[in-house]
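Enquirer: Sequence and computational prediction follow.
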Amino acid sequence: MSRQLKFNIFRYNPQDPASVPHADTFLLEETPSLTLFIALNKLREEQDPSLMFDFACRMAICGSCGMVINGRPGLACRTLTSDLPAEITLMPLPVFKLVGDLSVDTGTWFRATNSKIESWIHTDQEFDPQATEERMENALAESIFELERCIECGCCVASCGTANMREDFVGAFALNRMARFIMDPRDKRKDADYFEVVGTDQGIFGCMGLLACEDVCPRSIPLQDQLGLLRRKMGFIALKSIFKRKG
């Protein structure tokens, strides 16, 4: 026998002066293999066409459908209602600018953060479209790819205690991203360059180590390992710089 699901969904349109933050309740009959993505589309198509939320791929690749599901950031497209209680509360991801209801603007945040950490290969080598691609050891390439699997859904940022309290904190996304470039032999930045970007209180030393970021990552990226390695590396660079000045 199927359950009747009760959805408590945050509603607010910042562009409408008459709108005030509140929750609307919707009822929906549960069907086999029902995901939150499908449920929200059914609610919008059958009950309230004004309901705002984001989606694109519905395959946990685009990261568009991130939201807070019963208090925990996650992707609507990969969350089965059968894994949840009959009463489901949906909220927009914190930290990011609210567009309306469950829709937030993650793109502006990620663009700004990528620019801040200069998220690209730094090299003085001129690009030659005719050149053979640089070779890389398979093990190293796989390690880099492991960190490249981030889909910029914002769940790690939304779950981060520091990011929720401070706008200047770059978050686990940026720290993982920088770890990827440190690992890449094509990036010619020196230790001091990396330290300037993430070896600060806005970077790795602002991390409280709660590791909610890894706990909610839909791609299961090993953030704990990377944050630990990055903290140790940045600490070593700082000590080396102190001893160098004293010497």
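Expert: Okay, I see it. Residues are numbered from 1 along each chain as shown.
Enquirer: mind listing what's buried in the lowest-mean-pLDDT helix or strand in the chain?
Expert: In the chain, no helix or strand scores lower on mean pLDDT, DSSP states H and E than helix 223-246, which sits at a mean of 87. Buried residues in helix 223-246, counted by 16 or more other C-beta atoms under 10 Å: 223, 226-227, 230-231, 233-234, 237. Using the backbone N, CA and C atoms, a C-beta is placed for each residue, glycine as well.
Enquirer: what's the most distant pair in these?
Expert: 223 and 237 (20.5 Å; C-beta to C-beta).
Enquirer: Mind telling me what element residue 7 is part of?
Expert: strand 4-11 (DSSP states H and E).
Enquirer: contacts for the helix or strand following that strand?
Expert: Using DSSP H and E, the helix or strand that directly follows strand 4-11 along the chain is strand 22-29. Residues from elsewhere that reach strand 22-29 (C-beta atoms under 8 Å, 6 or more residues apart in numbering): 2-12, 39, 42-43, 47-48, 89.
Enquirer: Strand 22-29 - what's its average pLDDT?
Expert: For strand 22-29, mean pLDDT rounds to 98.
Enquirer: buried stuff in the next helix-or-strand element following it?
Expert: With elements assigned by DSSP H and E, the helix or strand that comes after strand 22-29 is helix 36-46. Within helix 36-46, the residues that qualify as buried are 36-41, 43, counting by 16+ other C-beta under 10 Å.
Enquirer: Check stretch 190-203 too.
Expert: Quick answer for stretch 190-203 (16+ other C-beta under 10 Å): 194-195, 197-200, 202-203.
Enquirer: so how far is that stretch from its chain's centroid?
Expert: 21 Å (C-alpha atoms, centre = their mean, to the nearest Å).
Enquirer: hmm, back to that, would you turn the buried residues of stretch 190-203 into JSON lines with secondary structure and pLDDT?
Expert: Putting the buried residues of stretch 190-203 into JSON lines (DSSP: H, G, I helix; E, B strand; the rest coil; pLDDT from 0 to 100) gives the following:
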{"residue": "194", "secondary structure": "helix", "pLDDT": "93"}
{"residue": "195", "secondary structure": "helix", "pLDDT": "93"}
{"residue": "197", "secondary structure": "helix", "pLDDT": "92"}
{"residue": "198", "secondary structure": "helix", "pLDDT": "92"}
{"residue": "199", "secondary structure": "coil", "pLDDT": "93"}
{"residue": "200", "secondary structure": "coil", "pLDDT": "91"}
{"residue": "202", "secondary structure": "coil", "pLDDT": "94"}
{"residue": "203", "secondary structure": "coil", "pLDDT": "95"}
